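*Asks:* Quick one: sequence and predicted model below, then my questions.
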Amino acid sequence: MLSLILSLRRVKKEAKRILFCPFVSEFFFKINIATTDVHLLPYSLMEVNVPGIVYLVGAGPGDPELITLKALRLIRNCNALVHDALIPLDIINEASSDCEIYYVGKRAGCKSFLQSDINSLLLKLSKDGKNVVRLKGGDPFVFSRGGEEVAFLEKNKVEIEIVPGITSGIAAPSYFGIPLSHRDGASSITFVTGHEHAAKKETMVNWRKLANSSDSLVIYMGIRNIKYIVSELLAGGMDGNTLCAIIQEATLKNQKCFTSELSTLVDTISEQQFKPPSIIIIGKIVSFQVNNYITKVSNVNLPLNKKI
């Protein structure tokens, strides 16, 4: 009973923080102590963002229909939106007409914003009392700089709320019917980046060990380093006949997928002209691919590179 009371106090405290009302707990929640059920009142009452807080939000893999309800609510109610390069315009347009919108994208081959400048912008907007949504593709904590941004903001006493999103490493194979786990084919999955920080003195990814330590590999940002990755996997003992799938622009209008064996993966990527953003899946799990009868394929394109 004591733990229940403490939990309810935390719920009431959060409700007060959201709606700035000293008696909000009396009408925002209906609490049944006997059954411990908490019933939320109409969702529209929650449509208030907190000034001075930064919401680190995952926008999902691209298709606007895959964004979460919470992310959509925050975007519609914020007055400062700071977004990355791979966010479709359809999602950006959900922001209100008086919202300040800041593009801080990073794309290979294009001039990019420095991370320190992005951090400073988020800090300034929050200190100015803005409702800030920091919108990132996929999930903000999966091969993103979300962790760095949160650490910086916490150090500067800025309140943060993290809203997860669907990462492309899960969405891409799902859209093409590839199960990442299967009782008959794969009991382990490794998500790994194919593009590490340039400032690192040595790689933290041991591809040779990964060759035999996981049933399935899901590689982010691996297109430009694929020749090296394949050579290391083969050197680590992975069978050259291992099946692979390459998926570009998953969930978007121009998405495409090709399968290949590991030994011919480099040639397939070159011949089919695969480019970032792409996900590469390696493992026998690819042989379990089934048809995914998507009833409505996204009509959204990948955003164009912006000149800054």
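*Replies:* Looks like it came in fine.
*Asks:* how is the chain carved up into domains?
*Replies:* Under automatic domain parsing, the residue ranges defining each domain of the chain are 46-166, 169-288.
*Asks:* need these in a markdown table with mean neighbour count, mean pLDDT and distance to Asn299, can you?
*Replies:* C-betas here are computed from N, CA, C, even on glycine. A markdown table is the format used below for these (neighbours: other C-beta atoms under 10 Å; pLDDT from 0 to 100; distance: least, C-beta to C-beta, whole Å):
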| stretch | mean neighbour count | mean pLDDT | distance to Asn299 |
| --- | --- | --- | --- |
| domain 46-166 | 18 | 93 | 9 |
| domain 169-288 | 17 | 94 | 6 |
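*Asks:* can you tell which of those is closest to Pro303?
*Replies:* The closest approach between Pro303 and any of these, judged by C-beta to C-beta, belongs to domain 46-166 at 6.1 Å.
*Asks:* what's the offset of the closest one from the middle of its chain?
*Replies:* 11 Å (C-alpha atoms, centre = their mean, to the nearest Å).
*Asks:* Report the contact partners of Ala59.
*Replies:* Ala59 makes contact with 67, 71, 83, 87, 91, 135-138, 165 under the criterion C-beta atoms under 8 Å, 6 or more residues apart in numbering.
*Asks:* wait, I meant Glu159
*Replies:* 50, 52-54, 126.
*Asks:* Name the nearest of these relative to Gly222.
*Replies:* The shortest gap between Gly222 and any of those belongs to Val54, at 30.4 Å (C-beta to C-beta).
*Asks:* give the contact list for the closest residue to Ala250 other than its chain neighbours.
*Replies:* When the adjacent residues along the chain are set aside, Ala250 lies closest to Ala172, with 3.5 Å between them (C-beta to C-beta, 6 or more residues apart in numbering). With C-beta under 8 Å, 6+ apart as the criterion, the residues that contact Ala172 are 61, 247, 250-251, 279, 281.
*Asks:* For those, work out which two are farthest apart.
*Replies:* The most widely separated members of those, counting by C-beta to C-beta, are Thr251 and Ile281 (15.2 Å).
*Asks:* ranges for the helices of the stretch 201-308 of the chain?
*Replies:* Along the stretch 201-308 of the chain, counting by DSSP state H, counting those that start in this stretch, helices occupy 207-213, 226-235, 265-271.
*Asks:* Are we agreed that Lys130 is in a strand?
*Replies:* No - secondary structure of Lys130, determined by DSSP: H, G, I helix; E, B strand; the rest coil: coil, with no strand assignment.
*Asks:* From what I see, it and Val50 are in contact.
*Replies:* No - Lys130 lies out of contact with Val50 (C-beta atoms under 8 Å); the separation is 10.4 Å.
*Asks:* Relative to Gln272, how far out is the residue nearest to Ala250?
*Replies:* 16 Å (C-beta to C-beta, to the nearest Å).
*Asks:* For Phe141, give its distance to Gly58.
*Replies:* Phe141 sits 8 Å away from Gly58, going by C-beta to C-beta.
*Asks:* Surely Tyr55 is in a strand?
*Replies:* Yes - secondary structure of Tyr55, determined by three-state DSSP: located in a strand.
*Asks:* Identify the residues contacting Ile282.
*Replies:* Residues near Ile282 by C-beta under 8 Å, 6+ apart: 216-217, 219, 233, 238, 242-244, 262, 265.
*Asks:* what bridges to it?
*Replies:* Beta-bridge partners for Ile282, by DSSP bridges, are Leu217, Cys244.
*Asks:* Quote the end-to-end distance of stretch 152-172.
*Replies:* 31 Å (C-alpha to C-alpha, to the nearest Å).
*Asks:* still on that earlier bit, between the contacts of Ala59, which sits nearest Phe288?
*Replies:* Closest approach between the contacts of Ala59 and Phe288, by C-beta to C-beta: Gly138, at 23.7 Å.
*Asks:* quick revisit: tell me the phi and psi of the residue nearest to Ala250?
*Replies:* Backbone torsions for Ala172, taken as degrees, to the nearest 10, come to phi -60, psi -50.
*Asks:* Could you shift the numbering so residue one becomes 864, and keep it that way?
*Replies:* In the new numbering, first residue 864, that becomes Ala1035.
*Asks:* How much space separates it from Leu988?
*Replies:* The separation that Ala1035 has from Leu988, given C-beta to C-beta, amounts to 32 Å.
*Asks:* Give the closest residue to Gly1028 in space, chain neighbours not counted.
*Replies:* What sits nearest to Gly1028 in space, not counting adjacent residues and going by C-beta to C-beta, 6+ apart, is Gly921, at 2.1 Å.
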